[in-house]
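**Q** Coordinates only, no sequence provided:
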Ligand code: CAA
Ligand code: NAD
């Protein structure tokens, strides 16, 4: 099962990265957003990231232009009718994902592989709602997609070996290192990372240290590339809240419970870098930490 034509649903933070690495690797890509505004924002994100790679000397201009020419942007789901694989990177909500896959089940040929980039839902819960659970797999990329080398390839109890192999092969062809993960909520990385991010927010709530000092402590004390509150702003606090609620619902363990401060920030529209503010205000002159 050789993948050549890829569909990507969602062109936000993750979808735009998946589009970029796929097109750079030579795949023919169709990407779908919900409306023209979101589509234009996604297209700008892909172009900006490719331009940045050219400016840094990591990609030549001809390769960028070749990649851009392999991407078609649409708001129509019917454009996925000739795809070998569709990768979903829309909002972290089971009902939204199932509605999408339910529709695509009727549009895509029997052989099309469905893949989800979910952070915390189980692949089984999506696969079971389609007529092709054996051709359904998890492909979990990491943010920022062009930089992070890992992809978790997730197999349910009914994912066929052929589907799993095709997904793993795809991950390698876009330059990533695949690891096989079981279909439990959070797979490998988020099972460990999400409690850490939520704990950092709890320590902030308890007044253990300021936003900046928590981040500085974990950066300089543990050698992490960024502190947990900065990372939360990069992931998106709306996404982190969805993920925490899904994982808490699954495991009923306190370490996955969303801290009240996270809920309040999301209620105020402070989703992190993507909306300009989260634990920090992302100003042109640099991040300014929230005073708590
Ligand atoms: N797109 C493309 N390239 C980017 C980029 C982006 N958004 N951000 C940074 N880069 C590239 C830079 O061009 C640079 O490349 P070169 O070294 O070749 O020049 C390199 O990454 C390093 O960038 P910077 O020097 O600007 O900044 P940095 O050293 O602080 O690195 C970082 C940035 C790679 C994001 C680093 O801070 C990091 O690794 N942070 C942690 C990221 C992380 O943990 N991600 C996982 C999030 S959890 C998740 O994804 C799962 C989930 O389900 C929620
Ligand atoms: P995002 O909010 O940046 O982007 C989601 C995009 O999906 C939006 O642009 C939205 O308009 C679009 N969308 C919503 N419904 C759609 C539909 N039916 N069809 C097409 N597009 C639709 O979110 P994100 O951070 O890119 O996350 C996307 C998925 O990837 C989520 O499942 C998330 O859990 C997962 N994920 C996120 C990260 C991260 O660090 N942010 C890392 C790995 C995985």
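**A** Perfect, I can see it now. This structure is a prediction, so every number in the text was calculated from the model and none was measured. Ligands and ions are numbered 1, 2, ... in the order given.

**Q** which stretches of the stretch 51-200 of the chain have low pLDDT?
**A** Nowhere does the stretch 51-200 of the chain drop to pLDDT under 70.

**Q** where do the strands sit along it?
**A** Under the criterion DSSP state E, counting those that start in this stretch, strands of the stretch 51-200 of the chain are mapped to 71-74, 85-88, 113-116, 136-141, 150-155, 177-182.

**Q** The third one near ligand 2 anywhere?
**A** No: shown here: strand 113-116 not in contact with ligand 2 (C-beta under 6 Å from any ligand atom), separated by at least 7.3 Å. Using the backbone N, CA and C atoms, a C-beta is placed for each residue, glycine as well.

**Q** ditto for the first one
**A** No: using C-beta under 6 Å from any ligand atom as the criterion, no contacts between strand 71-74 and ligand 2 are found, and the smallest distance is 9.8 Å.

**Q** could you say what helices and strands that strand packs with?
**A** Contacts defined by 3 or more C-beta pairs under 8 Å, 6 or more residues apart in numbering; DSSP states H and E place strand 71-74 against strand 28-32, helix 36-55.

**Q** Minimum distance to ligand 2: which of those has it?
**A** Closest approach to ligand 2 among the helices and strands packed on strand 71-74 is made by helix 36-55 (4.1 Å; C-beta to the nearest ligand atom).

**Q** Neighbours of residue 260, how many?
**A** By other C-beta atoms under 10 Å, 11 other residues sit near residue 260.

**Q** That one is in contact with residue 202, isn't it?
**A** No: in this structure, residue 260 is not within contact of residue 202 by C-beta atoms under 8 Å, at 9.5 Å.

**Q** Residue 242: which element?
**A** helix 237-251 (DSSP states H and E).

**Q** now what about that helix, what contacts it?
**A** 91-94, 119-122, 185-186, 190, 194, 197-198, 232, 256-258, 262-263, 265-266, 270-272, 278-279 (C-beta atoms under 8 Å, 6 or more residues apart in numbering).
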